[in-house]
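Peer 1: got a structure for you, letters missing:
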């Protein structure tokens, strides 16, 4: 983040942040069961397409599903099964803030993500 503690400068930093930095803004908490299953002591990890999440607040509270897409610009995710109808009866996806979800299952097809989890395991074993 930025060194200043002023909210105005924090907001400015987030608004003008480049896309590679915005990846850090889309982290969500991991469920305790998943952390135990993976053997890590991590609190949160970046949300990616294919992860299973549970919505914790808002109108869709309690709904679970897979992440269909992640919007880095707005720091939101689109979750399968979290949708509503418009006036014409057409269904569309409802955006959910990353801060309002927690991860229940990870998509572990990415080698780099697996390496990150293995490194977290090594840190825990090392202590």
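Peer 2: It's in. Worth saying up front: this structure is predicted, and the values here are computed from it rather than measured.

Peer 1: Please make it C-alpha for all contacts and neighbour counts, starting now.
Peer 2: Noted.

Peer 1: got a pLDDT number for the residue nearest in space to the middle of the chain?
Peer 2: Closest residue to the average C-alpha location of the chain: residue 47 at 3.2 Å, with C-alpha atoms, centre = their mean. pLDDT recorded at residue 47 is 96.

Peer 1: Farthest from the middle of this structure: give me that residue.
Peer 2: residue 88 (31.3 Å).

Peer 1: Just the element for that residue, please.
Peer 2: Assigning secondary structure by DSSP states H and E places residue 88 outside every helix and strand.

Peer 1: State the distance from it to residue 82.
Peer 2: In this view, residue 88 and residue 82 are 18 Å apart by C-alpha to C-alpha, to the nearest Å.

Peer 1: Report the buried residues of stretch 106-116.
Peer 2: Within stretch 106-116, the residues scored as buried using 16 or more other C-alpha atoms under 10 Å are residue 106.

Peer 1: okay, how far is it across that stretch, tip to tip?
Peer 2: Stretch 106-116 has an end-to-end distance of 13 Å (criterion: C-alpha to C-alpha).

Peer 1: How about residues contacting it?
Peer 2: Applying C-alpha atoms under 8 Å, 6 or more residues apart in numbering, the external contacts of stretch 106-116 come out as 48-52.

Peer 1: Same list, those residues, but as CSV with neighbour count and distance to residue 94 please.
Peer 2: As requested, the contacts of stretch 106-116 are arranged in CSV below (neighbours: other C-alpha atoms under 10 Å; distance: C-alpha to C-alpha, whole Å):
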residue, neighbour count, distance to residue 94
48, 19, 17
49, 15, 16
50, 19, 17
51, 19, 17
52, 21, 16
